[in-house]
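Peer 1: Sequence first, then the predicted structure, then my questions.
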Amino acid sequence: QVQLVESGGGLVQPGGSLRLSCAASLSSFSIYAMGWYRQAPGMQRELVATITSGGSTNYADSVKGRFTISRDNAKNTVYLQMNSLKPEDTAVYYCNAAKWRFGTRYDYWGQGTQVTVSV
């Protein structure tokens with residue numbers, strides 16, 4: 001059974017930092033593209049950052065230069081370092097694992113962790 005467990009969310013003041021972690025119970029973790037998505041109240045879920053199996057990264061324009069995604073294949077874990085946080089970063093953050101097999105994409109999701117940026 002695949003499990004993605006996020007941790008590291010919480011309440012932080014504007015300008016502060018948080019580091020999210022996602023521990024994955026996936027066989028062959030290294031072949032998965034991993035990502036972080038977020039969903040604010042009343043909004044659709046949006047991509048924050050992704051990292052491929054080869055280590056290439058991609059970021060939403062709104063977080064470029066502030067957030068960094070990384071992965072540790074030995075620990076089956078992906079991280080999201082979030083600096084210079086803004087109130088608009090407030091959302092539930094979800095970890096995603098994706099793989100492609102015979103042209104079909106398979107997605108797995110964590111349950112999410114709340115990030116609140118407020119004074």
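Peer 2: Looks like it arrived, so ask away.

Peer 1: Go ahead and flag the most central residue of the protein.
Peer 2: Among the residues of the chain, the one closest to the centroid is Trp36, at 2.2 Å (Cα atoms, centre = their mean).

Peer 1: pLDDT averaged over the host helix or strand of that residue - what is it?
Peer 2: Using DSSP states H and E, Trp36 falls within strand 33-39. The pLDDT scores in strand 33-39 average 98.

Peer 1: Could you list every helix and strand in contact with it?
Peer 2: Helices and strands touching strand 33-39, by 3 or more Cβ pairs under 8 Å, 6 or more residues apart in numbering; DSSP states H and E, are strand 18-24, strand 46-51, strand 67-72, strand 77-82, strand 91-101. In this view, the C-beta of every residue, glycine as well, is placed from N, C-alpha and C.

Peer 1: And what about the closest residue to Leu11 other than its chain neighbours, helix, strand or coil?
Peer 2: Nearest non-adjacent residue to Leu11, counting by Cβ to Cβ, 6 or more residues apart in numbering: Thr116, 4.7 Å away. At Thr116 the chain is in strand, as set by DSSP: H, G, I helix; E, B strand; the rest coil.
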